[in-house]
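> Here is a sequence with its predicted model. Questions after.
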Amino acid sequence: MRFKHLHELNTICTAESKTIAQLMIEEQVQETNTPEADVVKQMSEYYQVMKEAVRKGLTEDTTSRSGLTGGDGKRMAEYIRKGETCSGDASALAMAYALCVSEVNASMGRIVATPTAGSCGIIPGVFISSQERFGWTDEHLVNGLFCAGAIGYVIANNSFISGAEGGCQAEVGSAIGMAAGAMVELRGGTPEQVVHAVGLALKNTLGLICDPVAGLVEIPCIVRNGLGAVTALAAADMALAGVRSAIPSDEVIDVMLEVGSAMPSRHRETAQGGLAQTPTGRKMMQKLAKPKAKRAEPEQESKPEDSDTITSGTDNAQVHTDPQA
Amino acid sequence: MRFKDVFSIIGPSMTGPSSSHTAGAARLGRIARQWLGCTPDRARLTLYGSFADTYQGHGTDLALIGGLLDYVTDDPRIPDAEQYAEEAGMEVEFYTSGLPAPHPNTVKIELWHEERACSLIGASIGGGSVSVHSMNDFRVQISGEFPTLVLRHADKAGVLASVTSTISSSGVNIGYMQVDRKARDGEALTAMEMDGVPNPDMLKRLKELDHVLDIRVIDLKRGVDSDAI
C-alpha cells in the first residue's frame, strides 16, 4: 500500500484528485494482483451480507444463545414509527439497524467483521440507514466500504482494532472512526474532511474499556454499537461543517495505542473488570457458568526454566509437547 | 504490516459473535488441519489468555472444531460443530493454561491422524486475522492471507537454493520466507508465503529434491487436504 498514515491518504488523494475509495481499490488491485472487478464484487457481497443482517434483526428472533439479549433493534424500530425520537429519526434509525446487526452477531448469525464482530453493527447501521434516507445506489455504499477499509487499515497497522489488545476504543472506536470518515466521503466531503472526522470520532472513544459481561459479545457491546452509529453520524456532521480535529488524526491514533497499552488486562476483554464485575454482571456470569475445561497438566505448567514453555516474547513461542516426539 | 489489505479490515463474512474468538479461531483450526493434511482422529487444544477466560461464551471451541472440519468462517454449521465432529469420528479435548502467551488470544493445537501428528501455536490478532507463531516447535510467522508452502527438510547447505530456484522456475514469487532448524544438520522447517498458488508440477519437483522430507500447502481460499502431494 502507498499509505500507512491518514495524512498520506489525504496527500495522495488530493494530489491525484481521487477519492479515498478509488485509491483503496487501486491499491488493493496492485497489492493482491486481483482484477478490480473481483475486488469490487467481494466488497459488494459483504454489503449484501450486512443488509441481510439488518433485515434479519428487524424481522426474526435475535435472542442470543445465553438468553441475555435480543429484540432491542426491533424495539427501536417500533419506537421510531411513533415519530417521537429525542435524537432525530436519522440517528435513531442508524442506531436501530446497528442494534439489529449486533444482535444477529450475538445469536451466532452471519455478519461481516467491520473491523471486528464486536463492532459489526456500526458501519451497517450508518450505511444502510443513510442509503434509505439519501436514495444512494449499492455501488455508492460499496465505495464507502473501501473508504472505511482504508481508514481501518491505517488504524489497525498503527494501533489496534481488537478489544483484547486495546480495549473497546480499539474495536467500537475504530468502527466509529471508519464509519464517520466514510460517511463524509459518501456525502461528498474532501479527503481532508474525512481525516478530520476520524480524529474527531476517535478522540471521543479514548479510554473506552472492553468489559463484556460473562465474556459474551452482548452486554455492553450491542448497546455500544447502537450509540456508536450515532457518534459516527455526529462526527461526520462536524467534519462536513468544517470542524477540524485540533490534534491531528494520526496523533490521535498513536494516543489510542498508548492508552490501550496502558490499560490493565482486566479491562481488555477478559471479563475480569468493568461492567462484567458489577454485582449484576457477576450474577449473570454465575448463572451462565458451564463446566470448565481441564487445566493443562501441572507438569507442563510448572517448568518456567524449561526452554519449551510458552513465553511472552514473539520470537520464542513454542509448544511444550511435540506429538511427533 | 500486521494487516495486509482492505479485506482484513472489512471482512470476513463470518458466524458471530467475535471475530477474534470465532472467525480467527476457525481460521487457526483450518490452518492446523491443512498442516496435518486431513481430518484428524484426535485433537487437543490448549487455550491461553482471553481465549482461556472466555472461550465458551464466545463459541471459540465450536469455531476451532469447525476449522478442524475445514469449515470457512461463515459456515452455518459452526454453532453445531461439536455434533459434526462426533459424526466425523474426531475426538476433541480442550485445556486451558495460565502460562503467559505471545498474544492474549492464543491457542496451541495438537492433532493426530493414524501415524501422523502435528502441532501449531497461533494467535487471533483481531478482526479475524491470525498469526501462526510455531509449527511442530519450529518458529514461523505466517498469516494465512496468502497460499503458504511449508517444507520440512534436512538442514543441509544448498537445500534452500534448490527449493527457491524450483519455485522461481515455476514463475511464482515468494512474498515472505522463514527458516528455522532444531539443530545444526538436524531437521529444519521453511515456511513461504507465495503471491501465487503452487501448482502440482512445482510441488512434485520440490518433493523430489534431495533432503526435502515433506511438503504441505496451506491455503485458506481453497481448502487443501494435501495427502495427494
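On my side now, so go ahead.

> mind checking how far A:Phe127 is from A:Val54?
10 Å (C-beta to C-beta, to the nearest Å). C-beta: built from backbone N, CA, C; applies to glycine.

> Likewise for B:Val150?
Here B:Val150 is placed at a distance of 41 Å from A:Val54 (C-beta to C-beta).

> Give the closest residue to the residue in the stretch 201-325 of chain A that chain B sits nearest to in space, chain neighbours not counted.
Taking C-beta to the nearest C-beta, chain B has its nearest neighbour within the stretch 201-325 of chain A at A:Gly215, 3.0 Å off. Closest residue in space to A:Gly215, ignoring its immediate chain neighbours: B:Thr54 at 3.0 Å, by C-beta to C-beta, 6 or more residues apart in numbering or on different chains.

> Okay, and the one you found sits in which element?
In this structure, B:Thr54 is located in helix B:49-58 according to DSSP states H and E.

> which helices and strands does that helix pack with?
Here helix B:49-58 touches helix B:60-68, strand B:91-97, strand B:105-113, going by 3 or more C-beta pairs under 8 Å, 6 or more residues apart in numbering or on different chains; DSSP states H and E.

> Rebuild those as JSON lines, extending it with mean neighbour count.
Below are the helices and strands packed on helix B:49-58 laid out as JSON lines (neighbours: other C-beta atoms under 10 Å in any protein chain shown):
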{"stretch": "helix B:60-68", "mean neighbour count": "28"}
{"stretch": "strand B:91-97", "mean neighbour count": "17"}
{"stretch": "strand B:105-113", "mean neighbour count": "25"}
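
> could you redo the ones you listed as CSV and give each row distance to chain A and mean pLDDT?
Supplementary listing: these in CSV, determined by distance: least, C-beta to the nearest C-beta, whole Å; pLDDT from 0 to 100:
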stretch, distance to chain A, mean pLDDT
helix B:60-68, 8, 97
strand B:91-97, 4, 96
strand B:105-113, 5, 97
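
> tell me the pLDDT at B:Ile229?
With respect to pLDDT, B:Ile229 scores 54.

> err, A:Val154, not the other one
98.

> All the helices of the stretch 51-200 of chain A, residue numbers only.
A:72-81, A:89-106, A:122-134, A:138-158, A:163-166, A:168, A:174-186, A:191-203 (DSSP state H, counting those that start in this stretch).

> scratch that, chain B
Secondary structure of chain B (DSSP state H): helices at B:24-36, B:49-58, B:60-68, B:81-87, B:159-169, B:200-208.

> Okay, buried residues for the longest one please.
Within helix B:24-36, the residues that count as buried by 16 or more other C-beta atoms under 10 Å in any protein chain shown are B:24-36.

> packing partners for that helix?
Using 3+ C-beta pairs under 8 Å, 6+ apart, helix B:24-36 sits against helix B:60-68, strand B:105-113, strand B:116-126, strand B:129-135, strand B:212-218.

> For the ones you listed, could you give me a markdown table that also reports distance to A:Gly88?
Below are the helices and strands packed on helix B:24-36 laid out as a markdown table (distance: least, C-beta to C-beta, whole Å):
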| stretch | distance to A:Gly88 |
| --- | --- |
| helix B:60-68 | 39 |
| strand B:105-113 | 38 |
| strand B:116-126 | 33 |
| strand B:129-135 | 36 |
| strand B:212-218 | 50 |
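
> How much space separates B:Val212 from chain A?
17 Å (C-beta to the nearest C-beta, to the nearest Å).

> on that earlier part again, now do the helix holding B:Thr54, average pLDDT.
Per-residue scores along helix B:49-58 average to 84.

> How far does stretch B:168-180 stretch from one end to the other?
21 Å (C-alpha to C-alpha, to the nearest Å).

> touching chain A at all, that stretch?
No. Stretch B:168-180 does not reach chain A (C-beta under 8 Å from any C-beta of the partner chain); its nearest approach is 9.3 Å.

> can you pull the buried residues of that stretch?
B:170, B:172, B:174, B:179-180.

> In JSON lines: those residues, plus distance to A:Arg224 and pLDDT.
Listed next are the buried residues of stretch B:168-180 as JSON lines, based on distance: C-beta to C-beta, whole Å; pLDDT from 0 to 100:
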{"residue": "B:Ser170", "distance to A:Arg224": "49", "pLDDT": "91"}
{"residue": "B:Val172", "distance to A:Arg224": "44", "pLDDT": "91"}
{"residue": "B:Ile174", "distance to A:Arg224": "42", "pLDDT": "94"}
{"residue": "B:Val179", "distance to A:Arg224": "44", "pLDDT": "96"}
{"residue": "B:Asp180", "distance to A:Arg224": "42", "pLDDT": "97"}
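
> Tabulate those residues (CSV), appending distance to A:Tyr47.
What follows is those, written out as CSV (distance: C-beta to C-beta, whole Å):
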residue, distance to A:Tyr47
B:Ser170, 37
B:Val172, 33
B:Ile174, 34
B:Val179, 42
B:Asp180, 42
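
> can you tell me which two in those are farthest apart?
B:Ser170 and B:Asp180 (24.1 Å; C-beta to C-beta).

> just for chain A, where's the confidence low?
A:291-292, A:297-325 (pLDDT under 70).

> how does it look with 80?
By pLDDT under 80, the low-scoring segments of chain A are A:290-325.

> in it, which spans are strands?
A:110-112, A:294-295 (DSSP state E).

> Could you report the pLDDT at the spatially most central residue of chain B?
Geometric centre of chain B, nearest residue: B:Ile31, 2.6 Å, by C-alpha atoms, centre = their mean. What the model reports for B:Ile31 is a pLDDT of 97.

> shouldn't it be in contact with B:Ile218?
Yes. Under the criterion of C-beta atoms under 8 Å, B:Ile31 makes contact with B:Ile218 at 5.5 Å.

> Now for these two: what residues contact both?
B:142, B:144 (C-beta atoms under 8 Å, 6 or more residues apart in numbering or on different chains).

> Need the outlier residue of chain B, farthest from its centre.
Extreme point of chain B relative to centroid (C-alpha atoms, centre = their mean) is B:Ala157; 27.2 Å.

> Backbone dihedrals for that one, please?
The phi and psi values for B:Ala157, taken as degrees, to the nearest 10, are phi -60, psi 140.

> Over to B:Gly89?
Dihedral pair for B:Gly89: phi 70, psi 30, per degrees, to the nearest 10.

> same check, this time on the one 10 residues further on
B:Leu99 adopts backbone torsions of phi -60, psi 150, taken as degrees, to the nearest 10.
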